[in-house]
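Fold the following.
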Amino acid sequence: MKYTIGDVLTVIGVIFGILVSVWAVMIAFSLLFPKKSESAKREIQSKPYVNFFFGLVMFAAAAFGTAYLLNFHYPLITLIAWLSAGFWLSVMAIGGSGFALLVAERIKAIDPDRSTYRGIERGALLLVVSCGLLPVIGWFIFTPVVAMISFGAGVRALFFGARESAYIPSAVVAGNQDSSR
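Purely as a prediction, here's the structure:
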């Protein structure tokens, strides 16, 4: 079987189309759902390994359930399966937007003059380029790791709510000390 230049350009076009779409979805979800994205960012920042394994288990369950439903040849069940797949991809997008916020926060620490939007834009671009354009390492190592962490963080942020830490600044604690000593 011979491949023509048209076949090669089609594959390259599809890859770039997917990368641009993922980049835009990460930015859009971080701007449309800021609280859930922040919650996903905190999940990724505090427990990346837990989110990876939780995302792996949840992804396997969601993929199995969706594939099982797709095997039925009834239009309503097929519609439910595709809606389920779209829902789980949206959950992964929430986790991915949290990942983009985390990278944006680290970019802002390096370059404080950069706006928040530019940081999110660059963070999402960095993740998408490193996952999609690095042959072998990006495709087979980095992409699954980022996807599973994003999926786990998205599920935890969406279903288990925002876990606010009980952080009390030391200045507040120092100001509330008993003065009768």
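
Secondary structure element for the residue positioned nearest the centre of the chain, which one?
Centre of the chain computed as the mean C-alpha position; nearest residue by Cα atoms, centre = their mean is residue 96, 1.3 Å away. Using DSSP states H and E, the element containing residue 96 is helix 75-110.

which is the next helix or strand following that helix?
helix 116-132.

how about low-confidence regions in this structure?
162-181 (pLDDT under 70).

picking up where we left off before, excluding chain neighbours, what is closest to the residue nearest to the centre of the chain?
Excluding the flanking residues, the one nearest residue 96 by Cβ to Cβ, 6 or more residues apart in numbering is residue 150, at 4.3 Å. Quick note: C-beta positions are derived from backbone N, CA and C, even for glycine.

neighbours around residue 26, how many?
By other Cβ atoms under 10 Å, the residues close to residue 26 number 29.

give the contact list for it.
By Cβ atoms under 8 Å, 6 or more residues apart in numbering, the contact set of residue 26 is 93, 96-97, 99-100, 124, 127-128.

Just send these back as TSV, with distance to residue 69 too.
Shown next, in TSV, are the contacts of residue 26 (distance: Cβ to Cβ, whole Å):
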residue	distance to residue 69
93	21
96	24
97	27
99	28
100	31
124	31
127	30
128	30
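
Identify, from those, the entry nearest to residue 12.
Nearest to residue 12, judged by Cβ to Cβ, of the contacts of residue 26 is residue 128 at 15.4 Å.

ok, how many other residues are close to that closest one?
Residue 128: 24 neighbours (other Cβ under 10 Å).

OK, contacts around it?
19, 22-23, 26.

State the distance from the closest residue in space to residue 48 that isn't next to it in sequence to residue 95.
Of all residues not flanking residue 48 in the chain, residue 149 sits nearest, at 5.8 Å (Cβ to Cβ, 6+ apart). Distance, residue 149 to residue 95, by Cβ to Cβ, to the nearest Å: 7 Å.

Mind listing the shared neighbours of these two?
If you check residue 149 and residue 95 against Cβ under 8 Å, 6+ apart, the residues they both contact are 44, 51, 55.

can you put those residues in TSV and add secondary structure and neighbour count?
Shown next, in TSV, are the shared contacts of residue 149 and residue 95 (DSSP: H, G, I helix; E, B strand; the rest coil; neighbours: other Cβ atoms under 10 Å):
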residue	secondary structure	neighbour count
44	helix	26
51	helix	28
55	helix	27
